[in-house]
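In: turn this into a model:
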Amino acid sequence: MAEQLAPLEVIERTRRGEPVDGPSAEAFARSWIDGTTSDALMASWCMAACLIGIEHEQVEALTRALIASGDRLELGSLGPVGDIQSTGGVGDTAPLVALPLAAALGVRVATMSGRGLGHSGGLIDKLESIPGFDADLELARFVRQVRDVGIAVVSQSGRLTPAGRHLEELRDATGTTPAAGLVAASVMSRAIAGGAGAISLEVTFGHGAHIADADAARGTAGLMAALAAPWGRRVRWIVSDMDSPRGRFVGNALEVAGAGEVLRGGGPEDVRELAVRLAGDLAESAGVAGPGEGRREAAAALGGGLALASAERWVEAQGGDPAVWTDPGALPTAPVRIDVPAPRDGWVAAIPARGIGEVARWLGAGRLHSDQSIDPVAGVEIVAGVGSRVAEGDPVAVVHGRDEWAGERAREMAEAWITVSEDEVARPPLVAGEGGGDAGAA
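Out: Take a look at the predicted model:
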């Protein structure tokens with residue numbers, strides 16, 4: 001048996017694009033988790049993973065180490081338990097709708113999620129913009145709520161993948177979030193540790209995602225499904241375009257308001273489509289909908305109000321105000337709103353998601369340093385999406401902020417990203433692939 005590599009050797013080989021065996025990668029991760037290896041060395045490895053990439057064997061090793069850093073739940077005794085996870089993006093509102101929609105279909109939804117990374121938003125930050133909402137549930141309360149209410153969402157804690165939370169914070173603080181292997185390990189370690197038997201995944205790609213293109217996203221989705229196979233999880237996945245912001249809103253309270261529009265039967269078509277796909281696929285994987293029936297049943301539940309009622313029960317159970325889904329006044333709102341005008345007549349050709357995400361982060365919707373507090377009201381509203389016809393001076397977007405100076409600066413930043421063309425522009429297809437089925441299927 002080959003001798004395990006030292007942590008520095010793991011970093012150096014990764015940097016040079018040379019193979020690193022799984023046992024050496026896992027030993028490196030475990031030494032970082034137990035404090036033998038420093039954050040500086042782990043940050044160096046994350047940077048190498050961003051620039052060069054890491055092989056599947058290393059991703060599998062890191063995932064095992066993250067899972068082993070805390071407890072691991074198995075919730076099969078509660079009935080059909082499922083989880084919805086996304087690799088994230090800008091305006092990634094669909095999970096806020098898909099989670100209660102899946103619960104309305106009869107899946108017991110148990111989700112552990114994270115906070116925003118880099119320019120992309122995080123589900124927990126969005127939920128914590130709801131007055132009173134408590135995402136830091138004790139483990140026993142989390143399990144009881146899944147059993148009794150049918151849905152619970154918890155932040156990563158000291159008991160479930162604590163090293164995963166530390167790794168995400170380290171990546172966010174060092175600008176090393178966009179590495180497909182690290183994304184896969186982070187998402188799947190918390191999904192596996194959370195105890196759900198069925199998992200529905202959205203893997204995003206493009207300008208606003210952590211994965212560059214559709215081919216890489218499909219490969220990452222297959223890898224994530226393979227990571228779940230040894231743990232007996234059933235996985236379905238979709239790959240979606242994130243070149244432009246999703247839906248109409250980017251920002252925490254804004255996205256909750258946007259999810260409320262969809263739960264009430266309206267809202268942007270892209271958010272509706274993704275929510276129906278994610279929830280319907282989960283219903284089939286969990287066994288509460290027949291093959292090929294999940295998405296039809298999800299669309300009916302969304303249109304008939306069942307998902308809205310599920311969302312209200314969920315938020316109330318976690319201490320929040322259930323009125324946020326039906327009354328925009330129940331959410332905090334920004335005192336300053338400034339239009340971002342179209343520079344010319346034409347069609348909106350590009351609203352790069354990363355650029356808009358960086359504007360929102362600069363306003364306070366995300367973090368530029370580890371101890372920064374999130375501003376729930378900060379963000380950007382998209383008024384005219386890609387492919388929309390606009391006249392010079394028409395608002396393409398609206399900046400939401402705390403004061404005029406920050407708002408004007410954010411407007412200038414947003415203007416620099418938005419492009420209007422003389423020629424008509426079509427928005428690309430939303431979904432670029434799907435797969436999965438039985439555990440580990442790709």
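
In: now the element after the lowest-mean-pLDDT helix or strand in the chain, going C-ward?
Out: With mean pLDDT, DSSP states H and E as the measure, the helix or strand of the chain carrying the lowest mean pLDDT is helix 162-174 (a mean of 87). The first helix or strand that comes after helix 162-174 along the chain, using DSSP states H and E, is helix 180-193.

In: could you give the average pLDDT over that following helix?
Out: Averaged over helix 180-193, pLDDT sits at 92.

In: which parts of the stretch 51-200 of the chain are helices?
Out: Using DSSP state H, counting those that start in this stretch, the helices of the stretch 51-200 of the chain run over 56-68, 94-104, 123-127, 139-148, 162-174, 180-193.

In: just name the most buried of the ones you listed.
Out: Most buried of the helices of the stretch 51-200 of the chain by mean neighbour count (mean count of other Cβ atoms under 10 Å) is helix 94-104; its value is a mean of 29. (C-beta placed from N, C-alpha, C; glycine too.)

In: could you tell me the angle between that one and helix 139-148?
Out: Interaxial angle, helix 94-104 versus helix 139-148 (axes from the mean of the first three to the mean of the last three Cα atoms, to 10 degrees): 60 degrees.

In: thinking again about what came up before, the least confident helix or strand of the chain - contacts with which helices or strands?
Out: Where contact means 3 or more Cβ pairs under 8 Å, 6 or more residues apart in numbering; DSSP states H and E, helix 162-174 is packed against helix 22-33, helix 39-51, helix 56-68, helix 180-193.

In: could you pick out the longest helix of the chain?
Out: Longest helix of the chain, by residue count under DSSP state H: helix 269-286.

In: tell me what angle the least confident helix or strand of the chain forms with helix 180-193.
Out: Using the same axes, to 10 degrees: helix 162-174 against helix 180-193 is 150 degrees.

In: buried set for the longest helix of the chain?
Out: Across helix 269-286, burial judged by 16 or more other Cβ atoms under 10 Å covers 270-286.

In: helix, strand or coil for residue 427?
Out: Following DSSP: H, G, I helix; E, B strand; the rest coil, the label given to residue 427 is coil.

In: do residue 203 as well
Out: Following three-state DSSP, we place residue 203 in the strand state.

In: just give me the neighbour total for it.
Out: 33 (other Cβ atoms under 10 Å).

In: to residue 216, which of the helices and strands packed on helix 162-174 lies closest?
Out: Across those, residue 216 has its closest neighbour in helix 180-193 (6.0 Å, Cβ to Cβ).

In: tell me the helices and strands packed up against the closest one.
Out: For helix 180-193, the elements it packs on are helix 39-51, helix 56-68, strand 81-86, strand 108-113, helix 162-174, helix 214-228, judged by 3+ Cβ pairs under 8 Å, 6+ apart.

In: and stretch 339-346, how far from the chain's centre?
Out: Distance, stretch centre to chain centre, for stretch 339-346: 30 Å (Cα atoms, centre = their mean, to the nearest Å).

In: would you mark the buried spots in that stretch?
Out: 340, 341, 342, 346.

In: and for stretch 355-375?
Out: Burial within stretch 355-375, assessed by neighbour count using 16+ other Cβ under 10 Å, is assigned to 355-367, 374-375.

In: measure it end to end?
Out: 19 Å (Cα to Cα, to the nearest Å).

In: tell me the mean pLDDT for it?
Out: For stretch 355-375, the per-residue pLDDT averages 82.

In: residues touching residue 130, list them.
Out: Under the criterion of Cβ atoms under 8 Å, 6 or more residues apart in numbering, the neighbours of residue 130 are 253, 256, 315, 320, 321, 324, 331.

In: let's see that with 6 Å instead.
Out: Applying Cβ atoms under 6 Å, 6 or more residues apart in numbering to residue 130 gives the contacts 320, 324.

In: also residue 27?
Out: By Cβ under 6 Å, 6+ apart, residue 27 lies in contact with residue 4.

In: any idea how far it lies from residue 21?
Out: For residue 27, the distance to residue 21 equals 10 Å [Cβ to Cβ, to the nearest Å].

In: and for residue 83?
Out: From residue 83 to residue 21 the distance is 30 Å (Cβ to Cβ).

In: centroid residue for the chain?
Out: Nearest residue to the geometric centre of the chain (Cα atoms, centre = their mean): residue 88, 3.1 Å.

In: where are the low-confidence patches of this structure?
Out: Low-confidence regions of the chain, defined here as pLDDT under 70, cover residues 1-2, 115-121, 368-371, 438-442.

In: that older thread, among the buried residues of stretch 339-346, which are in strands?
Out: Among the buried residues of stretch 339-346, the members found in strands (DSSP state E) are 340, 341, 346.

In: okay if I get those residues as a markdown table plus distance to residue 72?
Out: Shown next, in a markdown table, are those (distance: Cβ to Cβ, whole Å):
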| residue | distance to residue 72 |
| --- | --- |
| 340 | 46 |
| 341 | 52 |
| 346 | 54 |
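
In: residue 132: which of those is nearest?
Out: Within these, the smallest distance to residue 132 is 32.4 Å, found for residue 340 (Cβ to Cβ).

In: tell me which residues form a beta bridge with the closest one?
Out: Using DSSP bridges, the bridge partners assigned to residue 340 are residue 397.

In: so it touches residue 413, yeah?
Out: No: Residue 340 lies out of contact with residue 413 (Cβ atoms under 6 Å); the separation is 9.3 Å.

In: between the two, what contacts are shared?
Out: Shared contacts of residue 340 and residue 413 (Cβ under 6 Å, 6+ apart): none.

In: what helix or strand is residue 291 on?
Out: Residue-wise, residue 291 maps onto no helix or strand under DSSP H and E.

In: what about it, neighbour count?
Out: Residues lying near residue 291 (other Cβ under 10 Å) number 7.

In: how much space between it and residue 151?
Out: 24 Å.

In: for residue 380, same thing?
Out: 29 Å.

In: more neighbours, these two?
Out: A side-by-side neighbour count of residue 380 and residue 151, using other Cβ under 10 Å, places residue 380 first with 31 against 24.

In: for the more buried one, what are its contacts?
Out: Counted by Cβ under 6 Å, 6+ apart, residue 380 has contacts 250, 356, 359, 360, 397, 399.

In: where does it sit, in terms of helix or strand?
Out: strand 379-382.

In: and the longest helix of the chain, what does it pack against?
Out: In terms of contacts (3 or more Cβ pairs under 6 Å, 6 or more residues apart in numbering; DSSP states H and E), helix 269-286 is packed against strand 81-86, helix 94-104, strand 198-205, strand 234-241, helix 294-303.

In: and the angle from the third one to strand 234-241?
Out: Translated: strand 198-205. 20 degrees.

In: cool, the longest one as well?
Out: Counting by the same axes, to 10 degrees, helix 94-104 lies at 150 degrees to strand 234-241.
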